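> Provided below for reference: sequence and predicted model.
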There are 2 protein chains.
Amino acid sequence: MTTDTRPKTATRQLAIDGQTVTISGFCKGAGMIHPNMATMLAVITTDAKVATASHNTTSLQQLLDRAVERSFNRISVDGDTSTNDTVLLLASGASGVDLSRCDEQARARFEAALEEVCVDLAKKVARDGEGATRLVEIAVSGAASKAMAHAVANTIATSPLVKTAVHGGDPNWGRILAAAGRSGAAIDPDCITLTFGAPGAREVTVLRAGQPTGYEERQAAALFQEDPVVIRLDLGLEPSSANADVTVWTCDFSKEYVEINAHYTT
Amino acid sequence: MTTDTRPKTATRQLAIDGQTVTISGFCKGAGMIHPNMATMLAVITTDAKVATASHNTTSLQQLLDRAVERSFNRISVDGDTSTNDTVLLLASGASGVDLSRCDEQARARFEAALEEVCVDLAKKVARDGEGATRLVEIAVSGAASKAMAHAVANTIATSPLVKTAVHGGDPNWGRILAAAGRSGAAIDPDCITLTFGAPGAREVTVLRAGQPTGYEERQAAALFQEDPVVIRLDLGLEPSSANADVTVWTCDFSKEYVEINAHYTT
């Protein structure tokens, strides 16, 4: 069993008005993971002072909702949602920084740091999926709408054929495109660009505007041995935008997943 | 590898106006199986005479559409649809029976026999899923609409947790209810009745009106060792009706599925 027994924690610190503000979180959970939420407990704390609810300023709940939307609600281990999940965000105010008295720019930096903590934790949950050997990051851009980007990313992330291909280290782009095609989203095969690997790192574009690029199969296969495996699918229908692009995280599908879940009675 | 190498065939014969009419079919396919259709080729023949298209009488295409809806479009191996599926129905007329000249009752009998051939073939495809050791039949009744019955049946049929539980012979009703609950269909836990086993055969009702029945775990487990495993979920919201009830077929999820798909490059 490959499940990581190390605690899943994440911390970010930022300076606001000369004070150091800390955001820390920890969580557990590795099975029945799928948006929305997961068999998961996550507790995040900060020493900033943030109103729990407010009409005028950004409340703790609003900040958490937005961060969860881009983190815990974008992971999937097996497509099976859990029946009981919790993410808590607690703010003590001990740092002396009151977010309601900060300027807009400081609040945005706090919100970005909170999202980073949540994404960090969420990726650790996906990486620790039952039987998983690798994290898989699926970034979809250029969709006709954000909902369609979500549909494509989630369909790829829950495809047993894609997840077993990742497990086998097989850069099987046909399975990725087939999953995108059955997602219900608008797709034009002639507009699709598919790249493996993180931006700026070693990367291999296997399809450009729907045409095979003549890439080296060996290089693509090497990227499917890495952790994480990064799959970037540009549907090419709209310009890429931070508002419409969607990144989700999942893990590979191994025999150990079957072993764990075939013999664990609840 | 447990894949059955025997040909998948099905035949029904019926007497119409003193003549014997035969409907026979054969098909292949075991991976990327999910409504609508599958990586599948099926050819069905009959010696009845049936118009290929007609405004007045039932055409061959209409008969096939209705039968496929209740058979090939109700099987799932892995939730991954194929990109290329075919079901053909050919009518030679060699029996001398012309369906357009038969009475309504004879046409209905022909249509029922055609559906039986299609269901028989479809179940054989699901049973022969990659790495499968058992057929799983999931019958959902009492849903608020047919679409909701479909959603519940398909969510259970594609749940890796349910499919691994079947593989492990574990009558894990919590996973079945969790899948129903996340299907998006209207559910009232207090109305649900869940039974394992085929009607009239050995059967164990594990929940009635949402309450555990005090069944023998050993007896439920024995039904999960059978082939097929039959799961009957009555949502209890509407009276059961042939028009709204939905039965789908899938197979268990084994380590061999992962083995086959992790190391097969296309």
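Happy to help now that I have it. All figures in this text were calculated on a predicted structure; none of them were measured in a lab.
> drop to CA atoms for contacts and neighbour counts, all remaining ones
Fine.
> ok, the residue nearest to A:G184 when sequence neighbours are not counted to B:V97 distance?
Spatially, and ignoring its direct neighbours in sequence, A:G184 is nearest to A:A151 (7.2 Å; CA to CA, 6 or more residues apart in numbering or on different chains). Plainly put, A:A151 is 49 Å away from B:V97 if you go by CA to CA, to the nearest Å.
> can I have the helix or strand hosting the residue nearest to A:G184 written out in PDB, keeping just the CAs?
Using DSSP states H and E, A:A151 falls within helix A:146-157. Taking C-alpha atoms only, helix A:146-157 is exported to PDB below (Å, rounded to 0.1, in the frame of the first residue of the first chain):
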ATOM      1  CA  LYS A 146     -15.900  27.800 -17.600                       C
ATOM      2  CA  ALA A 147     -18.500  25.100 -17.200                       C
ATOM      3  CA  MET A 148     -17.200  23.300 -20.300                       C
ATOM      4  CA  ALA A 149     -13.600  23.600 -19.100                       C
ATOM      5  CA  HIS A 150     -14.800  21.900 -15.800                       C
ATOM      6  CA  ALA A 151     -16.700  19.200 -17.700                       C
ATOM      7  CA  VAL A 152     -13.600  18.400 -19.800                       C
ATOM      8  CA  ALA A 153     -11.200  18.400 -16.900                       C
ATOM      9  CA  ASN A 154     -13.400  16.300 -14.700                       C
ATOM     10  CA  THR A 155     -14.200  13.800 -17.400                       C
ATOM     11  CA  ILE A 156     -10.400  13.300 -18.100                       C
ATOM     12  CA  ALA A 157      -9.700  13.100 -14.300                       C
END
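> Check which residues of the helix or strand that comes right after it are buried.
Heading C-terminal from helix A:146-157, the first helix or strand you meet, by DSSP H and E, is helix A:160-167. For helix A:160-167, a neighbour-count test (16 or more other CA atoms under 10 Å in any protein chain shown) marks A:160-167 as buried.
> likewise stretch A:13-29?
A:16, A:21-29.
> Filter the residues you listed down to just the ones in strands.
A:16, A:21-28 (DSSP state E).
> In JSON lines, list those residues along with distance to B:I156 and pLDDT.
Output for those, formatted as JSON lines (distance: CA to CA, whole Å; pLDDT from 0 to 100):
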{"residue": "A:I16", "distance to B:I156": "49", "pLDDT": "87"}
{"residue": "A:V21", "distance to B:I156": "46", "pLDDT": "88"}
{"residue": "A:T22", "distance to B:I156": "43", "pLDDT": "89"}
{"residue": "A:I23", "distance to B:I156": "39", "pLDDT": "88"}
{"residue": "A:S24", "distance to B:I156": "37", "pLDDT": "84"}
{"residue": "A:G25", "distance to B:I156": "34", "pLDDT": "83"}
{"residue": "A:F26", "distance to B:I156": "32", "pLDDT": "78"}
{"residue": "A:C27", "distance to B:I156": "28", "pLDDT": "77"}
{"residue": "A:K28", "distance to B:I156": "26", "pLDDT": "69"}
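> restrict those to those near chain B?
Residues of those in contact with chain B (CA under 8 Å from any CA of the partner chain): none.
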